[in-house]
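Asker: give me coordinates for this.
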Amino acid sequence: MKKLYFDIETIPCDESSHKPLEYLYERKLGKKMKEKNLDKEAAIAEIGTLEKYIESTGFDGAFGRILCIAYAINDEATRVICNDGNEKKTLEDFWFVAKQIDLFVGHNIMEFDLRFILQRSIILGVKPTWNRFEIPGVKPWEMGKFLTFARYKSAPIFDTMCEWSNWGSGKVGLEHIALALGIPTPKEGIDGSEVWKFYQDGKVKDICDYCMRDVETTRAIYQRMTFEE
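Answerer: Below is the predicted model of the structure:
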């Protein structure tokens, strides 16, 4: 069985998305002013500035961008896909790799990484190499590579965060589990909250290296959780 350990790093939208985001922000601002009878300044204090709103799209697959995807197949060396300025190519390269694997493994990939990848794929017109939706009259197991987000399952998606908590409500960070298992932290020098600042400083390689360390840590955690030798 081929397992794909992977992680993504995302950044906020580019300027081409600013206009619709400004519209959405003004709608959100107006709603807050009306609901709480606030003036504009007070409403901004509650919901944040437009700049912060735009920056938050780094966690929103509708407008944010995937900068890089690091991955490893089974025990092979960790690699990274990064086409800065050409997100569509990054997605195409990812799905080319994914078509040959049997199991997606990552941390919080059910709620974030895979969902973000799929949303960006739809927006950029990149067709996944796994079937995503059921076809009437065809059973899921007859559809070849079928990607389901059904909860309480460990295949074809193994989410180390969900499996660690036994699908409980608590979110546990990758570093937290790694240190509990005696695995070195992948967060030395940078963590997810600093990716946008690193990108603005031109440190794309540092971001890619960090993403690869996350993949290596995820693989080590998975092997410990599943008692692989």
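
Asker: where are the low-confidence patches of this protein?
Answerer: Along the chain, segments meeting pLDDT under 70 are nowhere present.

Asker: ranges for the helices of it?
Answerer: 18-36, 40-47, 50-55, 87-98, 114-124, 160-164, 174-180, 195-200, 204-225 (DSSP state H).

Asker: dump the ones you listed into CSV; add distance to Thr78 as well.
Answerer: Placement of C-beta: from N, CA and C, glycine included. Formatted as CSV, the helices of the chain follow (distance: least, Cβ to Cβ, whole Å):
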stretch, distance to Thr78
helix 18-36, 34
helix 40-47, 39
helix 50-55, 29
helix 87-98, 12
helix 114-124, 18
helix 160-164, 16
helix 174-180, 15
helix 195-200, 18
helix 204-225, 5
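
Asker: to Lys153, which of those helices lies closest?
Answerer: helix 160-164 (9.6 Å; Cβ to Cβ).

Asker: neighbouring contacts of the closest one?
Answerer: 105-108, 110, 151, 154, 171-172, 174, 177, 218, 221-222, 225 (Cβ atoms under 8 Å, 6 or more residues apart in numbering).

Asker: same check, this time on stretch 188-208
Answerer: Counting by Cβ under 8 Å, 6+ apart, 9-12, 55, 58, 67-68, 70, 80, 82, 84, 175, 210 sit against stretch 188-208.

Asker: could you identify the buried members of these?
Answerer: 9-12, 55, 58, 67-68, 70, 80, 82, 175, 210 (16 or more other Cβ atoms under 10 Å).

Asker: just the ones of these in strands?
Answerer: Among those, DSSP state E puts Glu9, Thr10, Ile11, Leu67, Cys68, Ala70, Val80, Cys82 in strands.

Asker: spit out the contact partners of the most centrally placed residue in the chain.
Answerer: For the chain, Asp113 is the residue whose C-alpha lies nearest the centre (Cα atoms, centre = their mean; 2.3 Å). By Cβ under 8 Å, 6+ apart, Asp113 lies in contact with Phe6, Asp7, Ile8, Gly106.

Asker: over to Ala77?
Answerer: Per Cβ under 8 Å, 6+ apart, neighbours of Ala77: none.

Asker: the same query, at a cut-off of 10 Å, please.
Answerer: For Ala77, the contacting residues are Met212, Glu216, by Cβ atoms under 10 Å, 6 or more residues apart in numbering.

Asker: quick check: nearest residue in space to Leu179, chain neighbours excluded?
Answerer: Thr185 (6.1 Å; Cβ to Cβ, 6 or more residues apart in numbering).
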